[in-house]
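A.B. asks: The sequence isn't on hand, but the structure is:
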């Protein structure tokens, strides 16, 4: 799905207020606000820049979606490794200034002339081209708001590095050490836990 060269003059936009909070699961050894891919690395995620001119940080609007996007990427998943969980932290990220996001869901799909396949399909090359087209648009959105592919009950956020100053980590905890939260996540997705 390649971007239509005739994007609307005004992009659909959702404003996210300062004080809003998102979640991100990350390797404990890495910064919670990692914008990738690293210089010289190929784009591998849905909205990464195919030309490497900008970087993207992926977050979720809920802890559940964050978990699904991290651990349930290759279905069917029935068991999660405690070792894998122990190597991860879950960060709470606060929005520090108003951000404007291009919605690739709901009525934003029609306004952009795309389908939900853009955020749920397996053609990352097409999604990456769309991300580049949105990033280059004169409206300069701070990122993209889209439905999770692995649990479409809530939204994910792809923030462009030009909005890096608008985010701050306010909490960063071990995922494996919060037993009640982990139990709720395992129950929600019908998962077992292995040592």
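C.D. replies: Here it is on my side, so go on. Since the model is a prediction, treat every value here as computed from it, not as a measurement. Residues are numbered from 1 along each chain as shown.

A.B. asks: The residue positioned nearest the centre of the chain bridge partners, please.
C.D. replies: Closest residue to the average C-alpha location of the chain: residue 58 at 3.1 Å, with C-alpha atoms, centre = their mean. With DSSP bridges as the criterion, residue 58 is bridged to residue 158.

A.B. asks: Hmm, residue 149 and it touching each other?
C.D. replies: No: Residue 58 lies out of contact with residue 149 (C-beta atoms under 8 Å); the separation is 11.6 Å. C-beta: built from backbone N, CA, C; applies to glycine.

A.B. asks: which residues are common contacts for the two?
C.D. replies: residue 69 (C-beta atoms under 8 Å, 6 or more residues apart in numbering).

A.B. asks: what does stretch 149-158 contact?
C.D. replies: Against stretch 149-158 from outside (C-beta under 8 Å, 6+ apart): 22, 46-47, 56-62, 64-65, 68-69, 72-73, 75, 101, 105, 119-120, 131, 143-148, 189.

A.B. asks: got the end-to-end distance for it?
C.D. replies: 13 Å (C-alpha to C-alpha, to the nearest Å).

A.B. asks: the helices in the protein, which residues?
C.D. replies: Under the criterion DSSP state H, the chain contains helices at 63-71, 82-86, 107-112, 117-120, 124-136, 179-189.

A.B. asks: Need those in CSV (columns: mean pLDDT).
C.D. replies: Output for the helices of the chain, formatted as CSV (pLDDT from 0 to 100):
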stretch, mean pLDDT
helix 63-71, 96
helix 82-86, 92
helix 107-112, 94
helix 117-120, 93
helix 124-136, 94
helix 179-189, 94
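
A.B. asks: So which of these has the densest surroundings on average?
C.D. replies: helix 63-71 (a mean of 22; mean count of other C-beta atoms under 10 Å).

A.B. asks: Point out where this protein drops to low pLDDT.
C.D. replies: Scanning the chain for pLDDT under 70 picks out 1-2, 4-5.

A.B. asks: Repeat the analysis, applying 90 as the threshold.
C.D. replies: Within the chain, the set of residues satisfying pLDDT under 90 comprises 1-8, 29, 38-40, 50, 73-75, 77, 123, 175-179, 195.

A.B. asks: As a check, name the ranges of all strands in the protein.
C.D. replies: Along the chain, the stretches classed as strands by DSSP state E are 14-16, 21-27, 56-60, 79-81, 88-95, 99-104, 143-147, 155-160, 167-174, 192-194.

A.B. asks: For the fourth one, name the packing helices and strands.
C.D. replies: Which is strand 79-81. Counting by 3 or more C-beta pairs under 8 Å, 6 or more residues apart in numbering; DSSP states H and E, the packing neighbours recorded for strand 79-81 are strand 192-194.
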